[in-house]
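K.L.:
got a sequence here, can you model it:
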Amino acid sequence: MAGEPKRRHSKAQKRTRRAAINLAVSLVSCKNCGTLTKPHIVCVSCGFYGGKSVTKEKVQVTRA
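P.N.:
Residues are numbered from 1 along each chain as shown. The predicted model follows:
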């Protein structure tokens, strides 16, 4: 038989417990520029992911 909880956990108790789990974030260094970024996400500073440029360059429109 499995143990059963004696009382129900309140919403605040449950949310504070789950918030503590997400506090630890692992960071990796970008292979292109070396800044610390989250894993599996495009680098914010240089726009590279997996050694390739992912972000589009902004094109300046000039009046003719």
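K.L.:
for Ser26, which non-adjacent residue is closest in space?
P.N.:
On the basis of Cβ to Cβ, 6 or more residues apart in numbering, the spatially nearest residue to Ser26 that is not a chain neighbour turns out to be Pro39, at 6.4 Å. Every C-beta, even on glycine, is put in place using the N, C-alpha and C of the backbone.
K.L.:
for Lys11, see how far away the one you found is.
P.N.:
Taking Cβ to Cβ, to the nearest Å as the measure, Pro39 falls 31 Å from Lys11.
K.L.:
for Cys30, same thing?
P.N.:
In this structure, Cys30 and Lys11 are separated by 39 Å, where distance is defined by Cβ to Cβ.
K.L.:
and the residue nearest to the spatial centre of the chain, what does it touch?
P.N.:
For the chain, the residue lying nearest the average C-alpha position, counting by Cα atoms, centre = their mean, turns out to be Lys38 (5.1 Å). Lys38 is in contact with Val25, Ser26, Leu27, Val28, counting by Cβ atoms under 8 Å, 6 or more residues apart in numbering.
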